[in-house]
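*Asks:* need coordinates for the below:
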Amino acid sequence: MSAAPQSTLKHLVELTRSIIPPVHPGGRPFVLAGLGATLLVRRFSKRVGVGGGILTAWLAWFFREPQRVTPQRPGIATAPADGTVSHVVEAVPPVELGLGGEPMLRVSAFLSVFDVHVQRIPAPGRVVKAVHQAGQFLSADLDAASEVNERNSVHLRTRDGHDLAVVQIAGLVARRIFCDVSDGDEVEAGATYGLIRFGSRVDLYVPLGSRVLVEPGQRTIGGETVLAELPGA
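*Replies:* Residues are numbered from 1 along each chain as shown. From the prediction side, this is the model:
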C-alpha cells in the first residue's frame, strides 16, 4: 500500500475514534454480553434482535471513554467527572483517608445515566491512599450520600504539595465502583482512573482558601472544566 492511502486510512481511523469513543474496560463485559444475547435471540425473532442491538449500542455509549484536553496550567483542580454541580460546601473529608477533622471545600457533581461515567484525576501528583468503604445506596443527589453511601476515596497529593480528595459515590442504581489506582501511584491530570456503573456522584475536596470557579447547577466536563484554583496559584 502506498504512503497516500496509508495516510488516508490512518486519518479515517483517528476521525472515527474522535467521533465514536472507545468503551471503558469496566463496561466491555456488558457490551459483549449484550452483543452475544442479540446474536442469539435474532435467530428466533428479528424484532427482538433489533431491540437487543439498540440496548447493546446504548451500553457501548454509556460506558464510553472520550478523549479530553486537560488544562495544564499549575495550581488548578479540574473536574473528576462529567455531571451537574449539586453542592459547594465546607465538609470534613472521608475519615478513612486520614486527612483529619478540619473541613475542606467540597464540590459535588451528580452524574445522571446520560453522563460519561468514567472518573479522571483532577491534578498531577501522587496517590497517598485509595480506600473502598461499604455503605448504603441512597439517591446520589442527597447531601447525606457523601457520608453514608458506598464509596471509593482517593487521597491525592499534588506536585505543589496540596492535599486533595476525590470520592466516587454509589447511588440508587449504581452497584459497582471501579478504581484503577493504588497507594503510591504517580498520576497525571485528566487521566482516567475509575468508573461507576450507572447513576452516581463524585465529590472533590480541595483545601480551604481555594477559589471555587463553579456554582450549583453548572455542568462540568471531566478532565476539562476547572473547578478550583488552589491556594498560592
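*Asks:* any idea how far Pro94 is from Ala134?
*Replies:* As judged by Cβ to Cβ, to the nearest Å, Ala134 and Pro94 stand 13 Å apart. In short, each C-beta sits where N, CA and C put it, glycine included.
*Asks:* between those two, which is the more surrounded one?
*Replies:* The neighbour count for Ala134 versus Pro94, taken as other Cβ atoms under 10 Å, is higher for Pro94 (22 against 8).
*Asks:* contacting residues around the residue lying closest to the more buried one once chain neighbours are set aside?
*Replies:* Nearest non-adjacent residue to Pro94, counting by Cβ to Cβ, 6 or more residues apart in numbering: Ser153, 4.5 Å away. Residues in contact with Ser153 (Cβ atoms under 8 Å, 6 or more residues apart in numbering) are Pro93, Pro94, Glu96, Leu97, Lys129, Ala130, Val131, Gln133, Ala165, Val166, Val167, Gln168.
*Asks:* specify the beta-bridge partners of Ser153.
*Replies:* Val131, Val167 (DSSP bridges).
*Asks:* just the pLDDT for it.
*Replies:* Ser153 carries a pLDDT score of 95 in this model.
*Asks:* now do it against Arg176, distance only.
*Replies:* 16 Å.
*Asks:* before we move on, what about Val89?
*Replies:* 27 Å.
*Asks:* could you do Pro29 as well?
*Replies:* Pro29 is 11 Å from Arg176, by Cβ to Cβ.
*Asks:* and Leu39, how many neighbours does it have?
*Replies:* Counted with other Cβ under 10 Å, the neighbours of Leu39 add up to 13.
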